[in-house]
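**Student:** What follows is a predicted protein model with its sequence.
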Amino acid sequence: MASDTLTTAQRSDAEISGLDALEIAGREKETSRAARVWAATWPKLAALALTITVWQATVWTGWKEQWALAPPGQVFADLADYVFSAALWDGLATTGRRAALGFAAALVIGLALGLAVARVKVLRAALGSMITALQTMPSIAWFPLAILLFGLTEQAIFFVVVLGAAPSIANGVIYGVDYVPPLLLRAGRNLGARRLNLYRYVIAPAALPAIVAGLKQGWAFAWRSLMAGELLVVIATRTSIGAQLTYARELNEAPRLMAIMIVILVLGLVVDSLFGAADKAIRRRWGVLDPAGQ
Amino acid sequence: MASDTLTTAQRSDAEISGLDALEIAGREKETSRAARVWAATWPKLAALALTITVWQATVWTGWKEQWALAPPGQVFADLADYVFSAALWDGLATTGRRAALGFAAALVIGLALGLAVARVKVLRAALGSMITALQTMPSIAWFPLAILLFGLTEQAIFFVVVLGAAPSIANGVIYGVDYVPPLLLRAGRNLGARRLNLYRYVIAPAALPAIVAGLKQGWAFAWRSLMAGELLVVIATRTSIGAQLTYARELNEAPRLMAIMIVILVLGLVVDSLFGAADKAIRRRWGVLDPAGQ
Amino acid sequence: MTSTTTTPRSATAPVALHGVTKVYGRGANAVLAQDGVSLDVAPGEFVCLVGASGCGKSTLLNLVAGLDRPSSGRIDLPEGVNPGLMFQEPALFPWSTVEGNVEVPLKLRKLPRAERRERVAELLRTVHLAEFARKRPHELSGGMRQRVALARTLALDTPVLLMDEPFGALDAMTRDILHDELERIWTERKLTVLFVTHNVREAARLADRIILLSSRPGRIIYSTRVDVPRPRRIDSPEIAAIAADVTDRLRSEVGRHGQ
Amino acid sequence: MTSTTTTPRSATAPVALHGVTKVYGRGANAVLAQDGVSLDVAPGEFVCLVGASGCGKSTLLNLVAGLDRPSSGRIDLPEGVNPGLMFQEPALFPWSTVEGNVEVPLKLRKLPRAERRERVAELLRTVHLAEFARKRPHELSGGMRQRVALARTLALDTPVLLMDEPFGALDAMTRDILHDELERIWTERKLTVLFVTHNVREAARLADRIILLSSRPGRIIYSTRVDVPRPRRIDSPEIAAIAADVTDRLRSEVGRHGQ
Amino acid sequence: CGDDSESAGGGSGPVTLRLGYFPNITHAPAVVGVEKGIFAEKLGTGVKLETSTFNAGPSAIEAIFSGALDATYIGPNPTVNAHSKSRGEAVRVVSGAASGGVALVVKPEITSWEQLRGRKIATPQLGNTQDVAIRYWLKEKGLKTTKEGGGDVQVVPQENSQTVETFSSGAIDGAWVPEPFVSRLVNAGGKVLVDERELWPDKKFVITNLIVSTKFLKEHPDVVQKLVDGQVAANEFVNTRPDEAHQAVSDHIGKITGKPLDLKLIKQAWQTLEFTNDPIASSLKAGLDHAVAVELTQPVDLNGLYDLSYLNKSLKDQGKPEVVQP
Ligand SMILES: Nc1ncnc2c1ncn2[C@@H]1O[C@H](COP(=O)(O)OP(=O)(O)OP(=O)(O)O)[C@@H](O)[C@H]1O
Ligand SMILES: Nc1ncnc2c1ncn2[C@@H]1O[C@H](COP(=O)(O)OP(=O)(O)OP(=O)(O)O)[C@@H](O)[C@H]1O
Ligand SMILES: [Mg+2]
Ligand SMILES: [Mg+2]
């Protein structure tokens, strides 16, 4: 066998990381659990620290008065108050329940609408473009209709939330269905899957990643619509995050407004991590979490 | 050659449409241009006619007073007025320009953010979940910050629009990049594409469909944020659709409110058809517009 | 469209093509993939199609499977028969395991769970992948994927089998073994098979009849019966002789097209 | 990483594997795809790898191409050499035309436009797809796609070529022609080639050396030089004899694994 | 919350009264009435009270129009809108609630109206009461304004909360706003240039009144009477026990917004307000005339808007002076 090695270079880790250091950064062979958690956490902490530093520095420069730009200390003090107040937890309970129910309804409607529109030509021609158009309609435009149909009830809030989120979810579904590889559709049909079975065995699983992505967008729409919609029906005994946000703004409570914003961001992070976990599980199953490509 | 045909059935159009009538409905071999336009139009007209009929019928039942539920005739009369008024066209000019500029800025930022976060592990760990969290933040929460940073200027509006749309676009990009088939990434790398070139020659084109889908969602966010944001800076010399929408609601001008809603829907339809055309072109090129699968 | 009988159907079915033409695209870009192909396949017959790359073999199988419609002409199949097509690519469902992929046609036929399990295990043994039942397609080698696709198509239990280079990615030995398996199943179930291959010896080893397609437009230019008695061996001299004959014809056909 | 010379590089390069082991997965699910494979390929040598389906051939090529990292062991390549890998699947870019796909490596090497055009046209002629330059991958047949992938890999102009069943989906005639083309390019450019195939005759037709891999774990169990002088013919008796020998060994290896 | 919204129209069973108001200082009688159980007491066991709060007039009017609400405390602007949009049919004003509480706050360096020339002044909304008030006032002083914000003084419509931010940052020079924004602007360094009370006869003009839907009024005049009784009692409470009222307002707002309103601010704002049962119809009418004068609206026929018989009965029962039915 030929064994004359000219000037050779080892395909060592060093070389590869030279090539694509950024792209494959953090890919160790046998990372312990702790190390993985740390790798996922420190960039977040760093980002947080950086944000607070810039914020505090801006405050120190005296660029704006304190009541215009609240200093971090004040905001975190208010946040601490807020976290230990019943207002937050009562608000979270109300808003969380509304968000969950509204999103669930939007999910069912969005999925059904998306699947129907994606595969039935007539519906697509009739409603396809309407879905995006509905998506662009601001929530407040629906308020009169919501009150007309449902009165001052929780259903009116759901109505606004569903109208906000369902089109977005439907669009995600339509996109997913549109890009199901034709080969898999053909395979499914050849294996005897027609209509509902084709959905069940081919289209739905193939579109799943896109649907999850659509759900994420839908969640954002649902939440934003809810924040607006919660003003539609304010019952004095039932405080909500949306009402608190608006009133904090109307009453120019800058630190409280920022405390609520932080709560909303944290909630967003939690929800995103749920979607993220779902997405990662799918990608692992599909083999799209390829280490060399990643 | 064997030519004994037992009880045979022709694979004729009739049979296939028996199987999948809905799924392949409207797929004629040689459709004329006019026929195709008609096929795309009649379902829309039918949907429109149905909506107006139901609406008018509801009005006739006397379910609600006219001032609560405006009859179609009144709304269309107002719409006609509105269409011939300078208010609409001036508003459209202002709002349209803001939407275009804001969306363009969101696009650039969203794309850059999405591509960076999708491929750089540290950024992903730091910002990945934050993007969805930002997406859920209602526009009004940003108003104080917008005024603080930009005062009562158009930039403040852009700020709100960009914060609304960019995360959505970035999420579309991240989803697209995540699902680039690893085989194509490997092929690209093997052909010598690294870093920026890998983006240019593999990741970007492979993620394009998902990016277009993300842009569509981003547009909806941008538009909704704009409708809210236009109240931030009401420059009196410059009327805008967002301001008109809110004022129509504040003055309880039900017919005008609905006329504006119709305008918004029509705009949404127009924008969606642009995205739809882009998407269809991509699908044709990729061969995902498979007639048998479709 | 699918029967719910639990035993493999033993009904045999003929396939008949009458002047089938298939054009892809329009105008200047049009590609005439099939030009008036007429072919009668008797029930229980094993027909191999050979032809140059791009001559329209896959197109033909797609048409017979009803996944595409001919531009003109007619394809006759017995009422209710849904031919099973093994695609040129594995076309496995990436979201499902090997097991799950093979199970799909069984689920669609509503077989009870226990029976499904048994059938899947049996099919995976047939293609020598029993130990890979729980893996996902992306964890398999190319040849393994092809074998999963074979198992999945066999799970359809249809009287007409269309196979597009089913053994192209397999080594000679595995291929020999699967030839035997396929022949056994074909005999047992009295299947009608349309089999595309580039391996002329493989065609001679398996076929009752070999059909040679010309390239663009695809037309039947040669058809020969293989009268060698079964069981056959792929390296037997009779098979070699028939393969040599077909190869010569193929060579002159491809040569004629200036390839 | 890519050179910007416009002429095909004629530098030759060796490839050396030292005790390369590759394990997929972990724990109970782990698959040992390569177990201590050591192999020296001389500059300009043409080595064919044969082995049962799933024995780790594709894995080996991926490792040499640097697309995966060995679990242990080392792979040596000359500094700056980026081997061209023709994947087992065509792996074409669906958003691009045939032309566009072949052009990618040329663009990445920043060849001027005119030269790129010329090279693309030449490569497409080599694989007999000149008339399909403007088509998109989904409009091609399986064999055509494989040939586009071949053209794209050749466009890389790299001294080391790794090919994973490059002619598996081609008819015998087209394959013969491409054998000749590949041999010509190999001689002209003094390429080092690692070539995976299931067609033992093809291996004997092309190789300087044939290497037989065992299955799970993949180990080199046999290696033989093919000393038949070139030009060779695939149907010559010498080639047939070597093929028969390798087939026997393969048969006993696969048999040993109870396939 | 209004699960049985039909019960309002139903004949049998207890009647439900759905009442709306804003968690706001100018709605103090409503807030105190709810918080202290004054309405509940006056309505008695036969009437079920359901309350909803709003942060802006339009929703409240939409709710009245669509039959989701029977009565609400509301400002003069939406009252007129509701009246004119329904051609005088949908609502009736049955009582007043508050007067005053509006002022022009400006930067301290502005000491007279002459110095307003070329300045930027914010109002809550184009064509609303305050917007009309400043335009009419400037017009009387001979300063021109345009709808588009041009003229001698730039009048720019802006949300009130935003006005506090823009005033602080110097983007505007002053604002003609209601409480509690007057107090907030003063606290942010502003100076009251004009207290709107000075511009009105008796220093009185309507800022909040109580309206009921005509339908409900027809079906349940007895309930409306009890509601008005409650309103009169609430005002009594507000005026006689201000400290308790302050606390009640602060707590109640805190329940909805998650943070009690600053007591000091409430006290400060209280000074500029007067809680009166008189809806001061004349000021509403005059305001409309002013709006017509500055070309912001068409004349509206206010005939039939007021039905003060319930109020007068209630006042009479308590031996208080009656108000004039316009
Ligand atoms: N979807 C399509 N659109 C346009 N042209 C197509 C399409 N599918 C196939 N063709 C063309 O039809 C011809 C026949 O293709 P087909 O796939 O049937 O060939 P094949 O005989 O299976 O070839 P191979 O042996 O290489 O698989 C080819 O020229 C191909 O370019
Ligand atoms: N990504 C992966 N994850 C887990 N296992 C894998 C992966 N890729 C390959 N394997 C396993 O490694 C072994 C070798 O696979 P490889 O693709 O190298 O085989 P091969 O020799 O190319 O086979 P074929 O001739 O069928 O293409 C197989 O058992 C396969 O299941
Ligand atoms: Mg084919
Ligand atoms: Mg392989």
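**Tutor:** That came in fine, so what should we check first? Ligands and ions are numbered 1, 2, ... in the order given.
**Student:** Regarding the closest residue to C:Leu60 other than its chain neighbours, what is its secondary structure?
**Tutor:** Nearest residue to C:Leu60 in three dimensions, chain neighbours excluded: C:Gln34, at 6.3 Å (C-beta to C-beta, 6 or more residues apart in numbering or on different chains). C-beta: built from backbone N, CA, C; applies to glycine. In three-state terms, and counting by DSSP: H, G, I helix; E, B strand; the rest coil, C:Gln34 is strand.
**Student:** With E:Leu261 instead?
**Tutor:** With three-state DSSP as the basis, the three-state label of E:Leu261 is coil.
**Student:** Now do it against ligand 3, distance only.
**Tutor:** Between E:Leu261 and ligand 3 the distance, using C-beta to the ion, to the nearest Å, works out to 77 Å.
**Student:** How far away from the center of its chain is stretch C:215-225?
**Tutor:** Between the centre of stretch C:215-225 and the centre of its chain there are 17 Å (C-alpha atoms, centre = their mean, to the nearest Å).
**Student:** which ones are touching the residue nearest to C:Leu60?
**Tutor:** Taking C-beta atoms under 8 Å, 6 or more residues apart in numbering or on different chains as the contact definition, C:Gln34 lies against C:20-22, C:56, C:59-60, C:63, C:70, C:217-218.
**Student:** Tabulate the CA atom coordinates of stretch E:64-83 in PDB.
**Tutor:** Output for stretch E:64-83, consisting of C-alpha atoms alone and laid out as PDB, is shown next (Å, rounded to 0.1, in the frame of the first residue of the first chain):
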ATOM      1  CA  ILE E  64     -74.600  50.800  25.000                       C
ATOM      2  CA  PHE E  65     -75.400  50.700  21.300                       C
ATOM      3  CA  SER E  66     -75.100  46.900  21.100                       C
ATOM      4  CA  GLY E  67     -77.100  46.400  24.200                       C
ATOM      5  CA  ALA E  68     -74.300  45.000  26.300                       C
ATOM      6  CA  LEU E  69     -74.500  47.900  28.700                       C
ATOM      7  CA  ASP E  70     -77.500  49.700  30.300                       C
ATOM      8  CA  ALA E  71     -75.900  52.800  31.800                       C
ATOM      9  CA  THR E  72     -72.600  54.400  32.000                       C
ATOM     10  CA  TYR E  73     -70.800  57.400  33.400                       C
ATOM     11  CA  ILE E  74     -69.200  59.200  30.500                       C
ATOM     12  CA  GLY E  75     -67.800  62.500  29.300                       C
ATOM     13  CA  PRO E  76     -69.700  65.100  27.200                       C
ATOM     14  CA  ASN E  77     -68.100  64.200  23.900                       C
ATOM     15  CA  PRO E  78     -69.200  60.600  23.700                       C
ATOM     16  CA  THR E  79     -72.600  61.600  25.000                       C
ATOM     17  CA  VAL E  80     -73.100  63.900  22.100                       C
ATOM     18  CA  ASN E  81     -71.700  61.300  19.700                       C
ATOM     19  CA  ALA E  82     -74.100  58.700  21.000                       C
ATOM     20  CA  HIS E  83     -77.000  61.100  20.700                       C
END
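**Student:** model confidence over it, on average?
**Tutor:** Mean pLDDT, computed over stretch E:64-83, is 88.
**Student:** repeat for stretch C:27-45
**Tutor:** In this model, stretch C:27-45 has an average pLDDT of 85.
**Student:** Nearest the geometric middle of chain C, what residue?
**Tutor:** Averaging the C-alpha coordinates of chain C gives a centre point, and the residue nearest to it by C-alpha atoms, centre = their mean is C:Met163 (1.1 Å).
**Student:** now the residue in the stretch 201-326 of chain E that ligand 2 sits nearest to: how far from A:Glu253?
**Tutor:** Residue of the stretch 201-326 of chain E nearest ligand 2, by C-beta to the nearest ligand atom: E:Gly258 (52.4 Å). In this view, E:Gly258 and A:Glu253 are 9 Å apart by C-beta to C-beta, to the nearest Å.
**Student:** Comparing the two, which residue is more hemmed in?
**Tutor:** When E:Gly258 is set against A:Glu253 and neighbours are counted by other C-beta atoms under 10 Å in any protein chain shown, the residue ahead is E:Gly258, at 26 against 22.
**Student:** dump the residue contacts of the more buried one.
**Tutor:** A:82, A:85, A:87-88, A:91, A:239, A:243-244, A:247-248, A:256, A:260.
**Student:** Only the buried members of the contacts of C:Gln34: can you turn that into a PyMOL selection?
**Tutor:** To isolate in PyMOL the members of the contacts of C:Gln34 that are buried, counting by 16 or more other C-beta atoms under 10 Å in any protein chain shown, one can use:
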select buried, chain C and resi 20+21+22+56+59+60+63+70+217+218
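**Student:** in which helix or strand would I find C:Leu77?
**Tutor:** When secondary structure is defined by DSSP states H and E, C:Leu77 falls within strand C:72-78.
**Student:** How far does that strand sit from its chain's centre?
**Tutor:** Taking C-alpha atoms, centre = their mean, one finds strand C:72-78 lying 18 Å from the centre of the chain it belongs to.
**Student:** what's the following helix or strand after that strand?
**Tutor:** Along the chain past strand C:72-78, the next helix or strand (assigned with DSSP H and E) turns out to be strand C:84-86.
**Student:** check whether that following strand contacts chain A.
**Tutor:** Yes: Strand C:84-86 is in contact with chain A by C-beta under 8 Å from any C-beta of the partner chain, via C:84-85.
**Student:** helices or strands up against that strand?
**Tutor:** Counting contacts by 3 or more C-beta pairs under 8 Å, 6 or more residues apart in numbering or on different chains; DSSP states H and E, strand C:84-86 is packed against helix C:57-64, helix C:142-154, strand C:160-164.
**Student:** Counting by contacts, list what the first one packs against.
**Tutor:** In this structure, helix C:57-64 packs against strand C:15-24, strand C:31-41, strand C:46-51, strand C:72-78, strand C:84-86, strand C:160-164, strand C:192-196, with contacts taken as 3+ C-beta pairs under 8 Å, 6+ apart.
**Student:** Those strands: which one's closest to E:Val186?
**Tutor:** Closest to E:Val186 of the helices and strands packed on helix C:57-64, according to C-beta to C-beta: strand C:15-24, at 79.1 Å.
**Student:** Relative to the closest one, what are the paired strands and their orientations?
**Tutor:** When sheet partners are counted by DSSP bridges, strand C:15-24 sits next to strand C:31-41 (antiparallel), strand C:72-78 (antiparallel).
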